[in-house]
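Visitor: Have a look at this fold, sequence not included:
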């Protein structure tokens, strides 16, 4: 602990990393691009608390501290497993008692606002899920270019994953907050809650029905996305090789910054020319984080970051779908199951949806 605290370079790198993670989480939390970012939030806050523990509360970065606490307006609580929940403010003040008296966690107010808008939100998610399933079941036109087919199918698969995560986050957060607070579940919100479980299983079964097509197309989609990244980085690699080669032939000193940049770009390009494995994605991710963005145009930076994110999702497609569509959280709310079934009995015109609820249970 003393060695880490006395290492100024390490502490500065930790602060810089936390700021970058905060900017990344702020961008995605609560947005349509959110997937597993709430799990990352738990690790981010825990790392921040660890940093301040190493510092023993000294040299507190006030701006970063306020920014961390400000995340509670977006995500006051994160369901972990079963009845266990992560309350941001409680965790911070319990492990950082020197910062003062903790404010209200805001869970009750957040839950009441969530309950009021739950029916409308689930109705919107239902429409989006139905539209996505129709597109998944349809055949793409053969008149479009192959690259357009691969791009559309990549976006369609990723949209399904993000939609499943959005639905899962909505229902798990609502049930987790109700178990954490004394606020009772409204009778009018019973149907939206079990409708979320139905939608999750409908999305999972859609992926299962299309598993043969997905397995056939995903390798080609990944190669297409990798080619898009290489299209941006290969000219930079070629230009740097030309500049360094000219400097060497002329007897001039090679710039270390250019040598480092060329090494990083080579590592990224070499790994992108192979299969999209976990190890290659990790190497590319670390190398891209180390890449000096001053060598790349602003638009290309966003494009490459998005393409690498797509490759990561497609590389873990089965795992992410399984995690997002997992309805084991209903076990901890099994007292609601008879109420769900009673509500289903009163809607005899929708009995064809009952098997989705049974699959969730």
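Guide: Now that the structure is in, tell me what you want to look at. The structure displayed is predicted, hence computed values, not measured ones.

Visitor: show me the contacts for residue 154.
Guide: Residues in contact with residue 154, defined by CB atoms under 8 Å, 6 or more residues apart in numbering, are 221, 224-225, 310, 314. Using the backbone N, CA and C atoms, a C-beta is placed for each residue, glycine as well.

Visitor: go on, residue 336?
Guide: By CB under 8 Å, 6+ apart, the contact list for residue 336 reads 185, 190, 193-194, 330.

Visitor: What is the longest helix along the chain packed up against?
Guide: When the chain is parsed with DSSP state H, its longest helix is helix 211-249. Applying 3 or more CB pairs under 8 Å, 6 or more residues apart in numbering; DSSP states H and E, we find helix 211-249 packed against helix 146-180, helix 256-272, helix 298-315.

Visitor: what's the closest of those helices to residue 75?
Guide: helix 146-180 (8.3 Å; CB to CB).

Visitor: For that closest one, buried residues please.
Guide: 149-151, 153-154, 157-180 (16 or more other CB atoms under 10 Å).

Visitor: How far off centre is that helix?
Guide: Computed by CA atoms, centre = their mean, to the nearest Å, the separation of helix 146-180 from the middle of its chain amounts to 10 Å.

Visitor: between the next helix or strand after that helix and helix 211-249, how big is the angle?
Guide: Counting by DSSP states H and E, the next helix or strand C-terminal to helix 146-180 is helix 190-209. Put simply, helix 190-209 runs at 70 degrees to helix 211-249, going by axes from the mean of the first three to the mean of the last three CA atoms, to 10 degrees.

Visitor: follow-up on the earlier one: between the longest helix of the chain and helix 146-180, how many degrees?
Guide: Going by the same axes, to 10 degrees, helix 211-249 makes 110 degrees with helix 146-180.

Visitor: Could I get the buried residue list for helix 211-249?
Guide: Using 16+ other CB under 10 Å as the burial criterion, the residues of helix 211-249 that qualify are 214, 217-218, 221-222, 224-226, 228-229, 232-233, 236-237, 240, 244.

Visitor: closest to residue 337 among those?
Guide: residue 214 (31.8 Å).

Visitor: Do I have it right that the closest one meets residue 314?
Guide: No. If you go by CB atoms under 8 Å, residue 214 and residue 314 don't touch, sitting 9.6 Å apart.

Visitor: okay, and the common contacts of these two?
Guide: Joint contacts of residue 214 and residue 314 (CB under 8 Å, 6+ apart) are residue 157.

Visitor: so which helix or strand takes in the residue lying closest to residue 176 once chain neighbours are set aside?
Guide: Nearest non-adjacent residue to residue 176, counting by CB to CB, 6 or more residues apart in numbering: residue 79, 3.6 Å away. Assessed by DSSP H and E, residue 79 sits inside strand 77-81.
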